[in-house]
Each structure stands twice: as structure tokens, then as C-alpha cells.
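Student: got a structure for you, letters missing:
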């Protein structure tokens, strides 16, 4: 029961972090493996919490009249197709190989965090139609493959892309991000579940915390504005970079 309580607490923190920034799965995957789950099962179990977290976060943004429909649906469907491919790769990989690949992914995410382009703070005209829509659709297919495979650090990648390429402010970036991740994670979860790679009990307990954290985060971020999101994002980039460098 104490471990379950800690899972809810960790889930709340991760749900808050994932909604306003990203990198939460870099915390939950080691925690689930520490509890004794095989890496592939930890990967699949984490998807239960992510689906609930992102669904609640999407509802939270919607309650504050922040929505990017139908742009988020276009990207979500593209990412969904990619996530099926990524999830299939993940369930077929042996535990030792998965651990080696995950360690490489951690290094790549760290490099992205350290060398990412500086974000612009001024208001920019959104570019979510025409060629920029198609660029995003193609990019999110590949994001979906990565998200279906492991999902760790995908939030940072999505934030950087939508902010830099589509010129969306950080509030609308996060609203788009959680909706897209919700869509493609559903398909990834189905793949993991069909291959018996999900511990539903642990996943649902973790999801309680994730969902609560996501609801609070989605509403707080809108109320506090883009300045809060930017500051929180910077803090989380530093924290995750330290974790990846010293504690991965």
C-alpha cells in the first residue's frame, strides 16, 4: 500500500510536469522498473497513465477555452499510425536490447535539451495551415514512431517543433501536445495490451496521480500565462538534463 501511495504521488508530479513541459516518462519508467516490472512491461504500463493524463489535460485546457481543433486531430492521426509501428518494435525487443536503446535515447534527448534553439518570446503569427500543416503531419508521423516505442522526452520535442515551426505560443503548444499524445498513446496501449505487456493494476494506480496532476497543471498554466510555462519549462529542462547526465 505504501508503494501504491508513492506511485500516486509520483504520478501527480509527472502528470503536472508532462502537461506543462515534458520528460515525465524519464521518471516513471525507472520507477516502474524499480518496482520489479520488466522494461517492456514498464513501458506498456506507463501508457495507461499517459492516456488518462492527456485526456484529462485536454479537458482541462478545453474548460479554459484553449483548443487547436482540428489541427491537433490531423497531427494526432498521423502520429497514431507511427505509434503502432513504434509499439510493435518495442514489444518485440528483448529486455537487454531495450535497456541499451533506452540509454541511447536518454543521451539523444539530453543533446536536444542542451543544444535546442532558443525559443522566441514575442507573439508570432501561427502557421497551422497549408504547407506548414503538411510539414507538421509528416513530422508527427515520425514523432509517433518514437512515442509508440518509448515516449520518454517526446514532450520537449513536440514543444520545440510546434513553437519553432508552427509559431504557436506555449499555452496552445501544450494544448495541442496533450491531445496528440492522447490519440497516439491509445493505439500504442492497445498494441502493448494485446502482447500482454501491461500491468493494469499498477497502471491505473499511477494514472490516478497522473490525472490529478494533469488537471491541475492544465488549468494553472492557462491562468498563469505563457511566462509561467516558459519558466517551468526551463526549470524542467535543467532538472531532466541533470537526471540524464548523473542518474540515468
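Tutor: Perfect, I can see it now. Since the model is a prediction, treat every value here as computed from it, not as a measurement. Numbering: from 1, shown residues only.

Student: after whichever strand or helix holds residue 59, next one along is what?
Tutor: Residue 59 is located in helix 39-63, with elements delineated by DSSP states H and E. Using DSSP H and E, the helix or strand that follows helix 39-63 towards the C-terminus is helix 71-92.

Student: flag the shaky bits of the protein, pLDDT-wise.
Tutor: Low-confidence segments of the chain (pLDDT under 70): 94-124, 226-248.

Student: for it, what spans make up the helices?
Tutor: For the chain, applying DSSP state H gives helices covering 2-20, 25-34, 39-63, 71-92, 95-115, 130-149, 154-164, 170-194, 200-224, 226-246.

Student: Serialize those to TSV and add fields for mean neighbour count.
Tutor: For glycine as for every other residue, the C-beta is placed from the backbone atoms N, C-alpha and C. As requested, the helices of the chain are arranged in TSV below (neighbours: other Cβ atoms under 10 Å):
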stretch	mean neighbour count
helix 2-20	21
helix 25-34	21
helix 39-63	25
helix 71-92	21
helix 95-115	15
helix 130-149	19
helix 154-164	22
helix 170-194	24
helix 200-224	22
helix 226-246	16
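
Student: from residue 135, how far out is residue 50?
Tutor: Plainly put, residue 50 is 25 Å away from residue 135 if you go by Cβ to Cβ, to the nearest Å.

Student: same question but for residue 92, I mixed them up
Tutor: Distance, residue 92 to residue 135, using Cβ to Cβ: 31 Å.

Student: ok, residue 156 next?
Tutor: With distances taken as Cβ to Cβ, residue 156 is found 19 Å from residue 135.
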